[in-house]
Every structure is written in C-alpha cells, then in structure tokens.
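Engineer: Sequence plus the predicted model coming up.
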Amino acid sequence: VQLVESGGGMVRHGGSLRLSCAASGFTFSSYDMNWVRQAPGKGPEWVSGINTAGGSTYYVDSVKGRFTISRDNAKNTLYLQMNSLKPEDTALYYCARGVRLVTGDNGMDYWGKGTLVTVSS
C-alpha cells in the first residue's frame with residue numbers, strides 16, 4: 001500500500017489549494033478514504049472522508065463549506081479542494097485509507113507521508 005500526497009504549499013489568507021493523493025498497491029475503489037491534518041504542536045485531526053463510490057462525503061465542522069473532497073477511481077486518486085483558506089488551516093495534510101474496525105467503528109490503517117499547507121495572514 002502506498003499513498004503519496006501532493007499539492008501543498010504556501011498561500012495567503014483567502015487563497016485556495018488542491019491536494020491530491022495518489023494511491024497504489026490496493027484496490028482503491030474498494031475503500032473509503034480520508035484526509036487528516038496535524039497542525040504544529042497539536043494532535044491529528046480528521047478533516048474529511050468519502051465513501052467508495054464518492055457519493056457520500058463528510059467534513060469536520062471547521063471546514064464545511066470551504067473544503068471539498070472527491071475521488072477519481074479510474075485514476076486511483078483522492079483530492080481535497082480547499083478554498084477560503086485561513087491561518088488555522090496550516091498543517092501537514094495526510095490521506096489515509098479507511099477501514100471498518102471489529103467494533104463497527106471507522107478507522108484508518110494506512111497513511112501517506114503528508115503534504116504541508118501553510119496559510120499566511
């Protein structure tokens with residue numbers, strides 16, 4: 001399993017970025033996928049998730065209306081379109097493969113190495 005994020009960078013408050021995650025080594029279309037971020041000095045925060053077909057999407061409240069998750073199963077790629085960026089969105093952004101735990105809860109078993117997003121005020 002390999003997940004490789006790209007598209008991070010430095011933008012100004014109000015700017016936009018589009019993150020990509022190229023997946024390989026597994027059947028991408030069979031797994032829910034997620035974006036998780038970790039801000040400097042803080043723990044990981046789940047940001048968004050999408051089901052296998054892309055028809056259902058989920059977001060943390062702080063990014064609703066600004067971020068859009070999507071996927072292209074033909075290209076084995078996950079995306080995160082980020083608009084109206086704020087300084088508090090500054091973080092290392094990871095994509096992560098979703099799994100169902102034995103408890104029935106949702107988890108994540110493989111993560112990429114991340115791509116850094118820096119938003120200046």
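Structural biologist: It's in.
Engineer: so what's residue 85 closest to, chain neighbours aside?
Structural biologist: residue 119 (4.6 Å; Cβ to Cβ, 6 or more residues apart in numbering). Using the backbone N, CA and C atoms, a C-beta is placed for each residue, glycine as well.
Engineer: who does whichever strand or helix holds the one you found touch, helix- and strand-wise?
Structural biologist: Element membership for residue 119 (DSSP states H and E) is strand 115-120. The helices and strands touching strand 115-120, judged by 3 or more Cβ pairs under 8 Å, 6 or more residues apart in numbering; DSSP states H and E, are strand 9-12, strand 17-24, strand 91-100.
Engineer: Who are the contact partners of the residue nearest to residue 85?
Structural biologist: Residue 119 makes contact with 10, 11, 12, 13, 15, 85, 86, 87, 88, 89, 90, according to Cβ atoms under 8 Å, 6 or more residues apart in numbering.
Engineer: quick one: the residue most central in space within the chain from residue 121, how far?
Structural biologist: Of all residues in the chain, the one closest to the mean position by Cα atoms, centre = their mean is residue 35, 2.1 Å from it. Distance, residue 35 to residue 121, by Cβ to Cβ, to the nearest Å: 23 Å.
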